[in-house]
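A.B. asks: Any chance you can model this:
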Amino acid sequence: MKRSKRYRGLLTKVPAQPVDLPQAIEILKGFGGTKFDQTIEIHMNLGVDPKQADQIVRGSIVLPHGIGKTQRVVVFAKDAAADAARAAGADEVGQEDLAKKISGGWLDFDVCIASPDMMGVVGPLGRVLGPRSLMPSPRAGTVTPDVAKAVQEYKAGKVEFRNDNGGNVHAVLGRLSFSPEQIQDNVSAFLKYVESLKPSACKGNYVKNISLAATMSPGVLLAA
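C.D. replies: Numbering: from 1, shown residues only. Reported below is the predicted structural model:
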């Protein structure tokens, strides 16, 4: 892949060896200067076997300072649960009508939440929502009787993650405009949570490497 002159210049400022979190944040903050507020991303390579069901690492966490973006949330619910979801700030609430809209190609949202009694309606949407990581899941907390609480959490900056086929975990943890303290709080909370999810079947080194990057910057290796 051909890199821009700016990107190649930034590469010269990245240490070859892993650095501690405060230093990594300082380096990233120096990669600003773009016309938009870049997102900060974390990339982790874990020592798990992704082919084994008992070594899948996935979860969701409400970050201390959010992600700097208001997520668009849709909810499948009816009656009182639907009213509660609207009151909590859901962008759209529906049942069969919402399912028809989504199956027709409308995907202008970031999170899809459903009450358990609506999974009969949501299930057939798996072909559309699954490949985009939008399918509601009990494990991720997006299939829940308390849809209002879930809406509030995602509006507050909750993020979901799951390791890919290479054992890698990726997540957005904020914006480059965040203060160093806010970035450190978010990264530390995420790392602590991922550490708590270590599968008992995982032997040896659990976290192999960690890097932080901004949208238009190279990654900075973080000391594990």
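A.B. asks: how about Thr70, secondary structure?
C.D. replies: With DSSP: H, G, I helix; E, B strand; the rest coil as the basis, Thr70 sits in coil.
A.B. asks: Would you agree it is in contact with Lys155?
C.D. replies: Yes: under the criterion of CB atoms under 8 Å, Thr70 makes contact with Lys155 at 6.6 Å. Just so you know, the C-beta spots here come from the backbone N, C-alpha and C atoms, and that holds for glycine as well.
A.B. asks: Which of these two has more residues huddled nearby?
C.D. replies: Using other CB atoms under 10 Å, the more surrounded residue of Thr70 and Lys155 is Lys155, with 18 against 14.
A.B. asks: Can you list phi and psi of that one for me?
C.D. replies: Dihedral pair for Lys155: phi -70, psi -30, per degrees, to the nearest 10.
A.B. asks: Next, count neighbours for the closest residue to it other than its chain neighbours.
C.D. replies: Spatially, and ignoring its direct neighbours in sequence, Lys155 is nearest to Gly89 (5.2 Å; CB to CB, 6 or more residues apart in numbering). Around Gly89 sit 14 other residues, with neighbours defined as other CB under 10 Å.
A.B. asks: per-residue pLDDT, Gly89?
C.D. replies: The per-residue pLDDT reported for Gly89 equals 96.
A.B. asks: Do you have the strands of this structure handy? List them.
C.D. replies: 39-46, 58-62, 73-76, 92-94, 111-114, 158-162, 168-175, 207-214, 220-222 (DSSP state E).
A.B. asks: Most tightly packed of those?
C.D. replies: strand 73-76 (a mean of 27; mean count of other CB atoms under 10 Å).
A.B. asks: partners of that one, with directions?
C.D. replies: strand 92-94 (parallel), strand 111-114 (parallel) (DSSP bridges).
A.B. asks: can you pull the contacts of the residue lying closest to Asp110 once chain neighbours are set aside?
C.D. replies: Distances taken as CB to CB, 6+ apart place Gln71 nearest to Asp110, at 4.2 Å, with adjacent residues excluded. By CB atoms under 8 Å, 6 or more residues apart in numbering, the contact list for Gln71 reads Asp110, Val111, Tyr154, Lys155, Gly157.
A.B. asks: circling back to that earlier point, can the strands paired with strand 73-76 go into TSV with extra columns for distance to Gln55 and mean pLDDT?
C.D. replies: Listed next are the strands paired with strand 73-76 as TSV, based on distance: least, CB to CB, whole Å; pLDDT from 0 to 100:
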stretch	distance to Gln55	mean pLDDT
strand 92-94	36	97
strand 111-114	26	96
